[in-house]
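Participant: quick one: sequence plus predicted model below, questions after.
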Amino acid sequence: MPRLSIIVPHRDNDARLEMTLLSVLENRPQDCEIIVVHDGSYANPYELQDEVIFIEEVRRANTAQLLNAGAMAACSPAVCVILDGTLVKAGWSDSALDLLLNSDSAAVSVGVQYHKSKHCSYGIDSRILRRDQAARSGKLEATREQDTCSGPVLACGFYRRKVLLALGGWNEALDETLIDVELALALRGLGLECRSAPTRNVSTNLTGLLPRKLSSTALSQLSSLFVAHGAVGPGWIPALKSFVSECSKGRFITAAAWSTGLRDAGIIRKTQLRLSHAKQQLGSSADSPALRVYNGQQKSTTASRRRAA
């Protein structure tokens, strides 16, 4: 069994995937497997099946679905996610993996340097539930090395596979800009620790900026998550107060989206059930059986994912 499973999703951009994959292969940690998940649109022109496990998901699978398929197929107790568009240098995984395997932490974040920018992200800021106004503005990430975080950012992060499986992976129903935030809040809600590794060997060419640009859909979903985790009260009264507050600042779209999310009982209830289910699953001491893809053969993991969930 390898010590680390590295998952790289292919998201309709061959050049971006191959750039990331090349950096990972050139700086490949010892005793690891590399898993590339795609929706059938990647042809593997360089015939890397001897070095990479390729998994085919359903057509038009979103980022969360691709990552979850990779986590289900992973063979090791430690999982690292690297988004296509992220580059790594020598020694990028050493301290993070050692920290994850030699502690009780559920996840380990690493510093991610934004390309051609002074901005560096160190994870999802652990204080966001106490700073709802900052969160509405997209200030969701820890930007100082001394800041504490509750989970890694999606560009690169390390997780215990058992925890990912207990949670059902990343939430496939949420806006892509929030799936790492939701997972970080879930870890916090379960009382699980995320630690930070002292490494700066990861950078990203992705267009994400600090603060994040959240759509109205993402803002609405984020406010529902705040309710589900007890940071904001549900119902009409909190929604009205929030609406008036944002409108007074001229933020009419934010006002409408945030107040709508405070009244979305569906997302709130599903989030609470997700945490309850994960607590039960984590009562088991053994990792769930790994679902392997041998010899680099491409397979759809949809049925396997249903069995393993």
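Facilitator: Nice, thanks for sending it over.

Participant: close enough to count as contact, Leu48 and Leu21?
Facilitator: Yes. Taking contacts as Cβ atoms under 8 Å, Leu48 lies within contact range of Leu21: 7.4 Å. Every C-beta, even on glycine, is put in place using the N, C-alpha and C of the backbone.

Participant: more neighbours, those two?
Facilitator: Leu21 (21 against 16; other Cβ atoms under 10 Å).

Participant: enumerate every residue touching the closest residue in space to the more buried one that isn't next to it in sequence.
Facilitator: For Leu21, ignoring the flanking residues on the chain, the nearest one in space by Cβ to Cβ, 6 or more residues apart in numbering is Val8 at 6.2 Å. Neighbour list for Val8: 17, 20-21, 24, 34-37, 70, 82-84 [criterion: Cβ atoms under 8 Å, 6 or more residues apart in numbering].

Participant: can you tell me which of the residues you listed is nearest Pro198?
Facilitator: Closest to Pro198 out of the contacts of Val8 is Ile82 (18.7 Å), distances taken as Cβ to Cβ.

Participant: distance of Ala239 from Arg144?
Facilitator: The gap separating Ala239 from Arg144 is 33 Å, by Cβ to Cβ, to the nearest Å.

Participant: measure stretch 70-83 end to end?
Facilitator: Distance between the two ends of stretch 70-83: 12 Å, counting by Cα to Cα, to the nearest Å.

Participant: surely the residue nearest to Leu21 is in a strand?
Facilitator: Yes. Secondary structure of Val8 (DSSP: H, G, I helix; E, B strand; the rest coil): part of a strand.

Participant: report the beta-bridge partners for it.
Facilitator: Counting by DSSP bridges, Val8 is bridged to Val36.

Participant: distance check, it against Lys249.
Facilitator: Separation of Val8 from Lys249 (Cβ to Cβ) stands at 41 Å.

Participant: over to Asp84?
Facilitator: Relative to Lys249, Asp84 is positioned 37 Å away (Cβ to Cβ).

Participant: in terms of neighbours, single out the busier of these two.
Facilitator: Per other Cβ under 10 Å, whichever of Asp84 and Lys249 has more neighbours is Asp84, with 26 against 10.

Participant: who are the neighbours in contact with the more buried one?
Facilitator: Contacts for Asp84 (Cβ under 8 Å, 6+ apart) come out as 8-11, 13, 16-17, 19-20.
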